[in-house]
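> have a look; sequence and predicted model below, questions after that.
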Amino acid sequence: MSDGGASAPGRECPRCQGTGFAHERIGDREYARRCGCRRGSGADAARALDPLHALGIPGGLGHCTLGNFAPRTPALSAAYDRALAYCHRFADEAARADGLGLLFWGPPGTGKTHLAVAILAELAANHGARGRFCTFAGLLDEIAHSYDKSSRTSESRGLNSILGADVLVLDDLGARKMTDWAADSLFTIVNGRYMARRPTLFTTSFEDVDREVAMDAHGFRRHEYLIERVGQRLRSRLLEMCAFVPMQAAPERDKTRRPAKPSTLGGMRRSPKGPS
Amino acid sequence: MTDCERCRGTGFEIASVPGPDGKDVEVAHRCTCQQVAGPDASERRREALRIPPRYEHCTFATFEIGEGSTRFTRDALAMVLRYCSAYTQRGAVNANDKGLGLLFTGGNGTGKTHLAVAVLRELAETHGVRGQFWDYHELMREIRNSYNPATAITEYELLEPVIELEVLLLDDLGAWKMTDWMNDTLFYILNRRYLARRPTLITTNYPDREVSARELMDADSTVRREYLVDRIGYRLRSRLLEACTVVKLDGPDRRQVALQASNQRLLL
């Protein structure tokens, strides 16, 4: 399947046939899991062969699979079921033609990125999807860099690889100060993928509420709503192209430090400046 | 052409069909007096028209006048059907009207783009008109990119074909901040097309209304509702109104309400 695997004859793992993914059964369905043969190979050559590296998934998230996501609460269980259903649905070519994506929202540490990365790896391994993982902030940096005279790429070349990916993960949506330029770049990407019906998986730690709710809230609080961060227009596009999946639970990372709090407090910690 | 009794020459008749929720909805049907083209031909045409996959289903036949539609929706459809059927006769009375286009205004998800795309297709199918769909934002970005020496295309090579198109559909005008440069470029495109009497179809989220200079100064646009003139300025607006008939759409946001619910159902 992959050209990279063919270039290293004799090194193919019998379990994954060099794809880097082994299959694993969950319930009555099969999902991809990273094959053990890739573990510990630090050489650059091996890294280039690593399918996760090709997807742009950072090493720290390499362990994220559908098999090792542990839903701790009913809400996370429901989110997990959605993720499995999404992968299952992707197998049906007619169904996936609508370009449906997912938007995971909830406080930090609930496993939003875990699920998004796991789906991306699953679709790449089992359905041959050319995927791409980007953090929102990293993406903006990449586009900004393309304006740099010394970089030989043009803005459109970098953008085209993002617009053209079969599946795109855009991690941590809105987690950066939204200048006009940032909003404009984000809209280009989201709108481009929307019009071409290419699925995008978003994660965001900003709470999704309707416009009326956001309008009623006061500055500091309001600033933590998705609609305030990305604007009404973009949210409307997102609602149309994605199924929204709320992920609310006691944050895993902070479990030792603080007791479970209502999810609404999750956002307040990440507001150093307040409304601007 | 002798007018058909059923569709009065528009090529479409309004029929009631059961909607997804069991209630009847009204849709425009192609009248039997018209020839039906093969599916392959229409697919090829869609690509030539640059209609994105997201809007490939948009025709008059799939435009629903459902529950919650206002009289605007019905009037808009009737108006647009008239525009299509009278397309070849336009400019017969006043030559300047030959370049008359349509300006669709209305909030998110009211069906502006749907109708505009339907017009583009209809004109291509029945009159063989050479037209193209351009997302306004995408067009501006492409033009700006053409200034970059690393890209192979020049501004002229990009703009001329757009200006020369028989019918241009500019979708989502005024989305995002308009810089002076964008405003000038847009004026240049619309003005050249208007002078050459080539119609332009435009959709925009912003309602159009006379807004006095006093009103503009009095309340900051972050407080009051924004109008088209806030986005594109007086000069461009007046050229636009000269070149286009306004088609007002109103009603609930079909996107947010219906589509999110159906997206959720897909994963159950």
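Right, received. Where do you want to start?

> where does the stretch 1-150 of chain A dip in pLDDT?
A:1-12, A:18-20, A:36-53, A:147-150 (pLDDT under 70).

> show the model's pLDDT score for residue 255.
This is for chain A. On pLDDT, A:Lys255 comes in at 44.

> oops, I was thinking of chain B
60.

> next: the one 3 residues further on.
As predicted, B:Ala258 sits at a pLDDT of 74.

> okay, and B:Arg82 sits in which element?
Under the criterion of DSSP states H and E, B:Arg82 resides in helix B:71-85.

> in that helix, which residues are buried?
Within helix B:71-85, the residues that count as buried by 16 or more other C-beta atoms under 10 Å in any protein chain shown are B:Phe72, B:Thr73, B:Ala76, B:Leu77, B:Val80, B:Leu81, B:Tyr83, B:Cys84, B:Ser85. For every residue, glycine as well, the C-beta is placed using N, CA and C.

> contacts only, for the fifth one.
With contacts defined as C-beta atoms under 8 Å, 6 or more residues apart in numbering or on different chains, the neighbours of B:Val80 are B:Leu102, B:Leu115, B:Ala118, B:Val119, B:Val247.

> can you list which of those are found in helices?
Of those, the ones assigned to helices by DSSP state H are B:Leu115, B:Ala118, B:Val119.

> give me the pLDDT value at the second one.
According to the per-residue confidence, B:Ala118 scores 95 in pLDDT.

> for the helix or strand encompassing B:Thr113, the distance to its chain's centre please.
According to DSSP H and E, B:Thr113 maps onto helix B:112-127. On the basis of C-alpha atoms, centre = their mean, to the nearest Å, helix B:112-127 sits 8 Å off its chain's mean C-alpha point.

> list the contacts of that helix.
B:11, B:34, B:37, B:42, B:45-46, B:48-49, B:51, B:55, B:58-60, B:62-63, B:76-77, B:80, B:83-84, B:87-88, B:102, B:104-106, B:129-131, B:133, B:167, B:169, B:171-172, B:201-204, B:247, B:249.

> try it again at 7 Å.
Applying C-beta atoms under 7 Å, 6 or more residues apart in numbering or on different chains, the external contacts of helix B:112-127 come out as B:11, B:37, B:45, B:49, B:51, B:55, B:58-60, B:63, B:76, B:80, B:83-84, B:87-88, B:102, B:104, B:106, B:129, B:131, B:133, B:167, B:169, B:171, B:201, B:203, B:249.

> repeat that for stretch A:22-40.
Residues outside stretch A:22-40 that contact it (C-beta under 7 Å, 6+ apart) are A:13, A:15-16, A:20-21, A:50, A:62, A:65-67, A:84, A:87-88, A:121-122, A:125-126.

> take those residues and keep only those in helices.
Checking the contacts of stretch A:22-40 against DSSP H, those in helices are A:Leu84, A:Cys87, A:His88, A:Ala121, A:Glu122, A:Ala125, A:Asn126.

> now do the helix holding B:Arg82 and helix B:112-127, the angle between them.
Per axes from the mean of the first three to the mean of the last three C-alpha atoms, to 10 degrees, the angle that helix B:71-85 makes with helix B:112-127 is 20 degrees.

> and the one residue sitting closest to the centre of chain A, what are its bridge partners?
By C-alpha atoms, centre = their mean, chain A has its centre lying nearest to A:Val169, at 3.4 Å. With DSSP bridges as the criterion, A:Val169 is bridged to A:Phe133, A:Leu201.

> circling back: of the contacts of helix B:112-127, buried ones?
For the contacts of helix B:112-127, buried by 16+ other C-beta under 10 Å: B:11, B:45, B:49, B:51, B:55, B:58-60, B:63, B:76, B:80, B:83-84, B:87, B:102, B:104, B:106, B:129, B:131, B:133, B:167, B:169, B:171, B:201, B:203, B:249.

> in the stretch 151-276 of chain A, what spans have low per-residue confidence?
For the stretch 151-276 of chain A, applying pLDDT under 70 flags the ranges A:151-157, A:249-276.
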